[in-house]
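Trainee: Predicted model and sequence follow; I will ask about them next.
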Amino acid sequence: MLGRLVKWSVELGEYDVKYEARPTIKSQVLADFVGDNTPTDYMEEDSPENEKGLWKLSVDRSSYGSGSRAGLELTSPDGWTLEYALRFGFKATNNEAECESLIFGLTIAKHLEVQKLEVSSDSQLVVGLVSGEYEAREGTMTKYLAYVQNLKSVFQVFRVLKVPRAKNARANQLSKLATAMELEKNQVVCL
């Protein structure tokens, strides 16, 4: 092996080749890149009939060593918005925190008797699981998925959309707000 390296070194020496080590790339950066550059798909086709009365739910999460947080924004067809910054009292992975946020948003929409809902998330895995494109393999995600499937069945129209992080900015800000501030239970924060 060493002989081969010396041979290549001699052969390539005349070309003034320089070796530069690549910096390490964290896996989350790669996941974000793939997620942000993946085309978005709807679970069902757009039609003007489905757009009338359509509510929009955006969810996002942020997990840290100190705990998990999430943010969600629920917007009515008339344009009024409910925003939540959630802090969980337990540790969760990014995907689990995203599911918790989704479940919280779906529960609110159900109690408001929403009939048509479009959910947007920047999590490729969660969108893939909810849309049926991916299959849950681990126990925790299987339980989350079953709970989400049960909740989504109450809506006449239900779409889930994978969006780039930049298009999910408000939910992301809300998840960061839950991290940055010590919020009291049911505290209202004006931004």
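Mentor: Yep, that arrived. Numbers count the residues shown, from 1 in each chain.
Trainee: by contact count, what packs against the longest strand along the chain?
Mentor: Scanning the chain for the longest strand, with DSSP state E as the assignment, gives strand 54-64. Counting contacts by 3 or more CB pairs under 8 Å, 6 or more residues apart in numbering; DSSP states H and E, strand 54-64 packs against strand 67-75, helix 94-111, strand 116-121, helix 169-180. Yep, even glycine has a C-beta here, placed from its N, CA and C like the rest.
Trainee: let's go with 10 Å and repeat that
Mentor: Packing partners of strand 54-64 (3 or more CB pairs under 10 Å, 6 or more residues apart in numbering; DSSP states H and E): strand 67-75, strand 81-87, helix 94-111, strand 116-121, strand 157-162, helix 169-180.
Trainee: so which of those gets nearest residue 2?
Mentor: helix 94-111 (44.0 Å; CB to CB).
Trainee: Now do the closest one: which elements does it pack against?
Mentor: Going by 3+ CB pairs under 10 Å, 6+ apart, helix 94-111 lies up against strand 54-64, strand 67-75, strand 81-87, strand 116-121, helix 124-131, helix 139-152, strand 157-162, helix 169-180.
Trainee: redo that, cut-off 6 Å
Mentor: Other elements packing on helix 94-111 under the criterion 3 or more CB pairs under 6 Å, 6 or more residues apart in numbering; DSSP states H and E are strand 54-64, strand 67-75, helix 139-152.
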